[in-house]
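In: Coordinates only, no sequence provided:
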């Protein structure tokens, strides 16, 4: 009979179909276990306050980018937010503070001196000499040692906040008039006197005198090297006198200059040898 072979063929075909379906199902299940699930933002579920877009440790949160409801891309590493109001520069910035010292006595050889500098000690010095119409203007930079002494005196006087009159009861106009000035932001104050009994004001004036004397020597020796080398020996004697009476702002600032002078063959030998001796005194 032909019925039996037909039944066998149908049975085998059905078995093949079932076996194929089982293999496909097993493969699909394995793929689902090894593939990271994709988390999709759902408005009714994830828009609630406090519900994260993906859980900590969820593979979807590692190395993948999700989109927030607003459509802004959100990376796995949070971006640093810039402050809405960036900090403004402090009014205590040393470059915003201006200090000034002025001396005038029309009968003196150096009849007018103005020293201006900021809180970092950088500024300029202006000089006017007797019977000369030109004003000498040179850059000036206080050494850290000198600047620390000067700044401490300004702070000790509380200059901007003080109403102190530094002029003593006795007047000595023949010694010259001195002016101290300080500016910080919109605030400024000037004090004028020809003699003072205030310890800090007197010490501050002496500090600026040292700055001026050192700057004047540097200028004069520079002119001598270029145009008047025979003046160098006298200038070296003047420098030694200032050094002995502590009349220099910071002698160590002059070390490079003195080394250069000691080998300058345009200067007389006596001046070069004098520079070597002064170097040894300063470097002790």
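Out: Looks like it came in fine. Treat the numbers as computed from the prediction; the structure is a model and nothing was measured.
In: Please enumerate the helices of the stretch 101-250 of the chain.
Out: 144-157, 199-226, 232-244 (DSSP state H, counting those that start in this stretch).
In: Could you say which one of those helices comes nearest to residue 252?
Out: helix 144-157 (7.8 Å; C-beta to C-beta). Just so you know, the C-beta spots here come from the backbone N, C-alpha and C atoms, and that holds for glycine as well.
In: Identify each buried residue in stretch 247-256, please.
Out: Neighbour-count burial for stretch 247-256, counted by 16 or more other C-beta atoms under 10 Å, picks out 247-251, 253-254.
In: and of those residues, the nearest to residue 232?
Out: residue 254 (14.3 Å).
In: did I read that right, the closest one in a helix?
Out: Yes. Remark: residue 254 belongs to a helix, assigned using DSSP: H, G, I helix; E, B strand; the rest coil.
In: So residue 257: helix, strand or coil?
Out: Residue 257 ends up helix, using three-state DSSP.
In: and it, what is it in contact with?
Out: Contact partners of residue 257, counting by C-beta atoms under 8 Å, 6 or more residues apart in numbering, are 218, 221.
In: thinking again about what came up before, which one of the helices of the stretch 101-250 of the chain lies closest to residue 125?
Out: helix 199-226 (4.9 Å).
In: Who are the packing partners of the closest one?
Out: Where contact means 3 or more C-beta pairs under 8 Å, 6 or more residues apart in numbering; DSSP states H and E, helix 199-226 is packed against strand 97-104, strand 110-118, strand 122-129, strand 135-141, helix 144-157, strand 177-184, helix 232-244, helix 255-262.
In: 7 Å instead, please
Out: strand 110-118, strand 122-129, strand 135-141, helix 144-157, helix 232-244 (3 or more C-beta pairs under 7 Å, 6 or more residues apart in numbering; DSSP states H and E).
In: pLDDT of it, averaged?
Out: For helix 199-226, mean pLDDT rounds to 97.
In: quick one, that helix and strand 135-141 angle?
Out: 110 degrees (axes from the mean of the first three to the mean of the last three C-alpha atoms, to 10 degrees).
In: Could you list the buried residues of helix 199-226?
Out: Applying 16+ other C-beta under 10 Å to helix 199-226 flags 200-202, 204-205, 207-218, 220-221, 224-225 as buried.
In: Could you point out which of the helices and strands packed on helix 199-226 sits nearest residue 267?
Out: Using C-beta to C-beta, the helices and strands packed on helix 199-226 put helix 232-244 closest to residue 267, at 4.7 Å.
In: which of the residues in that closest one are buried?
Out: Quick answer for helix 232-244 (16+ other C-beta under 10 Å): 232-233, 235-236, 238-239, 242.
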